[in-house]
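**Student:** give me a model of this one.
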Amino acid sequence: MARPTSEGAKNLVWAAVGDTPPGAYVSCCRPTPEAQWTTIDSGRALEQKVWEEMAAEWVKIAPEVKPTLGL
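**Tutor:** Numbers count the residues shown, from 1 in each chain. Okay, here's the model as predicted:
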């Protein structure tokens, strides 16, 4: 569901300055549990595949990002 800019900004600021666990997904100014599929082996494998594909595309567009991506 779309939010006005002010609401979206409030959520981002809250996540940045609040007591938020690293890597947490934040919605409505509170950490939200991970989807269950992200914690199983097939979900982790999909995450790795998507990351590798996205990183390859970023490097094609801007090769200078390769060190930043850890490649």
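
**Student:** now V26: phi and psi?
**Tutor:** Listed backbone geometry of V26 is phi -110, psi 130, with angles given as degrees, to the nearest 10.

**Student:** check contacts around the nearest residue to it once chain neighbours are set aside.
**Tutor:** Excluding the flanking residues, the one nearest V26 by Cβ to Cβ, 6 or more residues apart in numbering is A15, at 4.1 Å. Glycine gets a C-beta too; all of them are placed from N, C-alpha and C. By Cβ atoms under 8 Å, 6 or more residues apart in numbering, the contact list for A15 reads A24, V26, C29.

**Student:** looks like the second one contacts T20 (just checking).
**Tutor:** It refers to V26. Yes - when contacts are counted by Cβ atoms under 8 Å, V26 is listed as touching T20 (6.1 Å).

**Student:** got any residues that touch both of the two?
**Tutor:** Joint contacts of V26 and T20 (Cβ under 8 Å, 6+ apart) are W14.

**Student:** give me the number of residues near N11?
**Tutor:** By other Cβ atoms under 10 Å, 16 other residues sit near N11.

**Student:** how far away is it from V26?
**Tutor:** 6 Å (Cβ to Cβ, to the nearest Å).
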